[in-house]
Every structure is written in C-alpha cells, then in structure tokens.
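**Student:** next come a sequence and a model predicted from it.
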Amino acid sequence: MSLTTTLEIRVYYEDTDFSGLVYHANYLKYFERGRTEGLRQCGFTNSDLMAREEPLVFAVRKMDLDYHLAARMDDLLTITTIVTEVKGARMIFDQKAERDGVLIASAQVIVACLTPEGRPRRIPQDVISVFND
C-alpha cells in the first residue's frame, strides 16, 4: 500500500522564531495539515467522518520527527504524505517537508481511529478500500 498526496505551505512570519527560522513545533502543524488534506484528496473530511452514523476521529498515537535543515520565512514547502499502512484501528504515514526538493524535516506518524468518546475502533471498510486501490 502506498498512497501519496502533496500540499504546498508558505512559511509566514508567525511561523518563525526570533531568528527567522521556522519554530520546531510548527512542523507538527504542517504535517497535520498534510494528513488532513491527504484524507480530503481521498474523499474524506474530518467533519464528514464525525457526522457518520458511527462517528470516528483520528488521534496521533506516536510520531518520530527528524529535523534535517531549517526552513525560513517566505519559503514554500511541499509537504508529502504517504499512507504506508491501514490496519485495524491504525494508520501509518510517512511524511516529509521539502524546499525545492531539499529535505527539511521528516516524520513517521501513527494515528489511531477512535470514537468521539476516545475509544479505539476499527477503521471502516470504505475508508480502508480507498487506500488499497
């Protein structure tokens, strides 16, 4: 399984620290947007998933994040999101942020599928089938 989506994100002043470099925690936001937009490109929005007869949400269970280079104000980053596994109640994503093809940051993210009350639940078959095509 390997589904790849991309998203371009401009680095704004508000994303940087006093040195003009992207503040490290903002990569979490960039990768979250990449996963959210990746799901949207596959036909699922978080609000639609919440509105189902059996609502579901995703929560990050684990993230391994590596910083390779610094991004700066006004950079245009490409966030690439690859779904590498969808199984049971979890999804695994490999993500990277690049500037002009140069790796800035990378992450492996494991998300859990949950009920709105926070209980684990299996990922519905219609969601799984999108990633198995």
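**Tutor:** On my side now, so go ahead.

**Student:** buried residues, the helix or strand bottoming out on mean pLDDT in the chain. List them.
**Tutor:** When the helices and strands of the chain are scored by mean pLDDT, DSSP states H and E, helix 125-132 comes last with a mean of 83. Across helix 125-132, burial judged by 16 or more other C-beta atoms under 10 Å covers Val127, Phe131. (Each C-beta comes from the backbone N, C-alpha and C, glycine too.)

**Student:** what does that helix rub up against?
**Tutor:** Helix 125-132 has contacts (C-beta atoms under 8 Å, 6 or more residues apart in numbering) with Met1, Leu3, Cys42, Gly43, Phe44, Leu49, Val83, Val86, Met91.

**Student:** compare the residues you listed and tell me which has the most neighbours.
**Tutor:** Looking at the contacts of helix 125-132 with neighbours defined as other C-beta atoms under 10 Å, the largest count falls to Met91 at 23 neighbours.

**Student:** in this structure, which spans are helices?
**Tutor:** Remark: helices assigned in the chain by DSSP state H are 26-41, 46-50, 125-132.

**Student:** so for Val109, which of those helices sits nearest?
**Tutor:** helix 26-41 (6.6 Å; C-beta to C-beta).

**Student:** quick revisit: could you check the angle the least confident helix or strand of the chain makes with helix 26-41?
**Tutor:** 100 degrees (axes from the mean of the first three to the mean of the last three C-alpha atoms, to 10 degrees).
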